[in-house]
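**Q** The following comprises the amino acid sequence and a computationally predicted model.
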Amino acid sequence: MRIQNPTPMNTTRALFLTCAMAAVSLSSLGQAAKTAATATQPDHNPTETKADILLLDKWRHVGFHLISDWQGGEVDSVLDDPTFGFALTYMKHDRHGLLDGGFDIGFQPMGGFDTTAFVVQDGKAPLEGQLRVRNQLVHAHYLLRFTLFQRAKIQPFAEGFVGARGSLLGARFTAYGSDDFTPVNDVPFFSANFSYGYALGARVQMGERSFLTARYGEMRHLDGGNVVQVADADRLTIGPDGTVTSNATAGVTLPPYSVRVGLAMNF
């Protein structure tokens, strides 16, 4: 068989088809390489690499706060109030609802005393040590929070809460020469009343998941519920085993306002 030499027109067509096929092949290879590089190359865009927890469907919020009650009047009086304490707030966020629900508990010392005591336990030699007795103002509330501007640096919020507020007496014994303390009895005295109220505050974003929180609250009670019974520190009996017994109480009117500041985290 005789092969004829290609004409110039056939040669041009062949070159054109060859170049077109090569271009398509190179384009496909380039696109595949780009896709592979994108998949393996780390993303340096901070807005895409950070997992913005505020955009998730569900997250949790925990706050630790320094709290104090306030009788009203001058704001500077809060610094002179001896009832500084601590509070823990836990909340669960669900983007499908407008309100976040959770609980808040707190403890504030209301006075007490330290005394030297000799404790006899299980027929052993008496232990000499320090007995620490404290009245504590306590609260436990269920709360609902509505937060504005959840993606902003400053996020105002409003809360409503309901629960109990009262006092308890705690005692613990520390033997001389030891750093360990022993609760001498569970709760010698406890008294609480129903309470409810509202709070206004704001949290300022300090880091990716950390916030500085400030909050002002007003607490309400049923008729007479703002007076809580507190163990009278002058009428306590200390047994030979260090147990403390409350023999008398005194009525204390609880302050209607509270202020707090602290740190909170989302996770």
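**A** Arrived safely, thanks for sending.

**Q** In this structure, what residue spans correspond to strands?
**A** Listed in chain order, the strands of the chain (DSSP state E) span 58-70, 85-94, 100-119, 127-147, 154-175, 181-183, 189-205, 210-221, 227-231, 236-238, 244-246, 249-253, 257-266.

**Q** Can you point out the buried residues in the fourth one?
**A** It stands for strand 127-147. 127, 129, 131-139, 141, 143-145, 147 (16 or more other Cβ atoms under 10 Å). In this view, the C-beta of every residue, glycine as well, is placed from N, C-alpha and C.

**Q** tell me the two of the residues you listed that are most distant?
**A** 127 and 147 (52.0 Å; Cβ to Cβ).

**Q** ok, now how distant is the nearest residue to residue 214 once chain neighbours are set aside from residue 213?
**A** Leaving out its chain neighbours, the residue that sits closest to residue 214 by Cβ to Cβ, 6 or more residues apart in numbering is residue 261, at 5.0 Å. Residue 261 sits 7 Å away from residue 213, going by Cβ to Cβ, to the nearest Å.

**Q** Among those two, which residue is more densely surrounded?
**A** residue 213 (20 against 13; other Cβ atoms under 10 Å).

**Q** what residue ranges in the stretch 101-250 of the chain score low on pLDDT?
**A** Residue ranges of the stretch 101-250 of the chain with pLDDT under 70: 121, 123, 186.

**Q** thinking again about what came up before, go through the strands of the chain and pick out the most buried.
**A** Mean neighbour count (mean count of other Cβ atoms under 10 Å) peaks for strand 227-231 among the strands of the chain, with a mean of 21.

**Q** Grab the CA positions of that strand and hand them over as CSV.
**A** Extracted as CSV, the C-alpha positions of strand 227-231 are listed here (Å, rounded to 0.1, in the frame of the first residue of the first chain):
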residue,chain,number,x,y,z
VAL,A,227,-36.2,38.3,106.0
VAL,A,228,-34.2,35.2,106.5
GLN,A,229,-33.3,33.4,109.7
VAL,A,230,-29.6,33.3,110.5
ALA,A,231,-27.9,31.3,113.2
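
**Q** quick one: strands adjacent to it?
**A** With DSSP bridges as the test, strand 227-231 is paired with strand 249-253 (antiparallel).

**Q** Show me the contact partners of the partner strand.
**A** Here strand 249-253 makes contact (Cβ atoms under 8 Å, 6 or more residues apart in numbering) with 110, 167, 189, 191, 226-232.

**Q** again with stretch 169-182
**A** Outside stretch 169-182, the residues that reach it (Cβ under 8 Å, 6+ apart) are 117, 119, 127-136, 183-185, 187-190, 231, 242-244, 246.

**Q** Span of that stretch from start to end?
**A** Taking Cα to Cα, to the nearest Å, the first and last residues of stretch 169-182 lie 15 Å apart.

**Q** list the residues that contact both of residue 261 and residue 213?
**A** With Cβ under 8 Å, 6+ apart as the test, residue 261 and residue 213 both reach residue 65.

**Q** From the contacts of strand 249-253, pick the one nearest residue 158.
**A** Distances from residue 158 to the contacts of strand 249-253, taken by Cβ to Cβ, are shortest for residue 226, at 22.6 Å.
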